[in-house]
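**Student:** Please find the sequence and the predicted model below.
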Amino acid sequence: MEIIKTILPPENLKPLFKDASQLLFGQQFTDYMFTLTYNQEKGWHRPEIKPYGSLVMDPAALVFHYSQEVFEGQKAYKSPEGDILMFRPLENAKRLNRSLERMCMPTIPEVDILHYECELLKIEKRWIPDQKGTALYMRPTVIATEAILGVRPSSEFLFFIILSPSGPYFPEGFNPVGLWVSREISRAAEGGTGEVKAGGNYGGSLAAIKTAMEKGYSQVLWLDAKEHRYVEEVGAMNIFFVIEDKLVTPPLTGTILPGITRKSILDISPDLGITTEEKMITIEELCQGISDGRVTEMFGAGTAAVVSPIGKLNVDDREYTLNDNQTGPWSNKIYQELTAIQYGEKPDTYNWVYRIT
């Protein structure tokens, strides 16, 4: 399908950021957005790139009442040569479709998703910051738009992509953050939607995040919903531990999001000199491991932060400190290696980077 494009005159474009180092995460948006409409008669149709603006929707749209919605998180980078780089975008497209299937929403061909993203990025290239630690954050989203108050799948949908030039996800940047362990509130349960990027997963996590911040911590360390013992995720990221010179992360059991950064770290780590293992670990084992020195590092991993070192952990009002609250050597090494590939600073031997010239 040919994309309909509405191009603004230069004088109507937004001013660019003055200093990329001062960019915050997800607070500024570019000039254009992409939209694609679905109904049962036409399927997905009318791809359009148009000026960024509000969505006009019926108050009875199903997304507002039953949370039939999914999204993705991606980034675009600028290479030293000035090309646009995307990191494993087809993996994001595949995950978006898995989320759509779980939420009873129509899938979109992955090659089409990538094509729409590329066309939008070509128009918005001037918004891609070129300073390390910054990127153009991409938010593909699908929402149910049929106006009817009935608990059933919608027959109408809107797919849209918005872009945001962004700095570090956490104000601390690439520095250790503190975590608070939630014993009562859970992120996801078996049989639920924890393994897909559905908006309800994040809305339900806000109460625990609010408590963590009130206690002086940046994020929540989530435990399983059944026994409240097994470590699952950190905030909106996957979690990794360095235990006796082995990199350990919980397995994908249906409650944990299959992160693209997580997958990349598991692929790249053996080449960096550390073996990996996917296994369940209890919060008691983690605390004991920190106390006796077997657990030397922890970090979160996700698109927004890439790697986020963890320096402090509050469990039942007792605080545990890792590596003197400093970034550990493996956290730093993995972060530097991944970001060097993402920014096109070193050869991509894994064929992960998609280049738009």
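**Tutor:** Happy to help now that I have it. Bear in mind the structure is a predicted one, so any value in this text is a computation, not a measurement. Numbers count the residues shown, from 1 in each chain.

**Student:** ok now do the closest residue to V315 other than its chain neighbours, which residues does it touch?
**Tutor:** Among residues not flanking V315 along the chain, V181 sits closest, at 4.7 Å (Cβ to Cβ, 6 or more residues apart in numbering). Just so you know, the C-beta spots here come from the backbone N, C-alpha and C atoms, and that holds for glycine as well. Applying Cβ atoms under 8 Å, 6 or more residues apart in numbering to V181 gives the contacts 220-221, 223, 283, 313-316.

**Student:** Look up how far P47 lies from the nearest residue to P106 once chain neighbours are set aside.
**Tutor:** Excluding the flanking residues, the one nearest P106 by Cβ to Cβ, 6+ apart is Y38, at 5.6 Å. Distance of Y38 to P47, computed by Cβ to Cβ, to the nearest Å: 11 Å.

**Student:** now for the contacts of V181, which pair is the farthest apart?
**Tutor:** Farthest pair in those (Cβ to Cβ) is V220 and D316. Separation: 14.1 Å.

**Student:** and I113, how many neighbours?
**Tutor:** 23 (other Cβ atoms under 10 Å).

**Student:** how about it, secondary structure?
**Tutor:** When classified by DSSP: H, G, I helix; E, B strand; the rest coil, I113 comes out as helix.

**Student:** Determine the number of other residues adjacent to the nearest residue to it once chain neighbours are set aside.
**Tutor:** Leaving aside its sequence neighbours, I113 sits nearest to A93 (Cβ to Cβ, 6+ apart; 4.2 Å). For A93, the count of nearby residues is 23 (other Cβ under 10 Å).

**Student:** Just want to know which of V220 and D316 has more residues nearby.
**Tutor:** Between V220 and D316, counted using other Cβ under 10 Å, V220 has the larger neighbour count: 25 against 8.

**Student:** Please name the bridge partners of the more buried one.
**Tutor:** On the basis of DSSP bridges, V220 is bridged to W180.

**Student:** so what's the spatially closest residue to I123 that is not a sequence neighbour bridging to?
**Tutor:** Spatial nearest neighbour of I123, chain neighbours left out: Y32 (5.6 Å); criterion: Cβ to Cβ, 6+ apart. Beta bridges link Y32 to P51 when assigned by DSSP bridges.

**Student:** Okay, Y32 and S154: tell me how far apart.
**Tutor:** 26 Å.

**Student:** hey, C-alpha coordinates of the stretch of helix or strand R139 belongs to in PDB?
**Tutor:** Here R139 sits within strand 135-144, counting by DSSP states H and E. C-alpha atoms of strand 135-144 as PDB (Å, rounded to 0.1, in the frame of the first residue of the first chain):
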ATOM      1  CA  ALA A 135      18.400   8.100  20.700                       C
ATOM      2  CA  LEU A 136      15.200   8.600  18.900                       C
ATOM      3  CA  TYR A 137      12.700   6.500  20.800                       C
ATOM      4  CA  MET A 138      10.000   4.800  18.800                       C
ATOM      5  CA  ARG A 139       6.600   3.800  20.100                       C
ATOM      6  CA  PRO A 140       4.500   1.600  17.800                       C
ATOM      7  CA  THR A 141       1.000   1.100  19.300                       C
ATOM      8  CA  VAL A 142      -2.200  -0.600  18.400                       C
ATOM      9  CA  ILE A 143      -5.500   0.300  20.100                       C
ATOM     10  CA  ALA A 144      -9.100  -0.900  19.900                       C
END
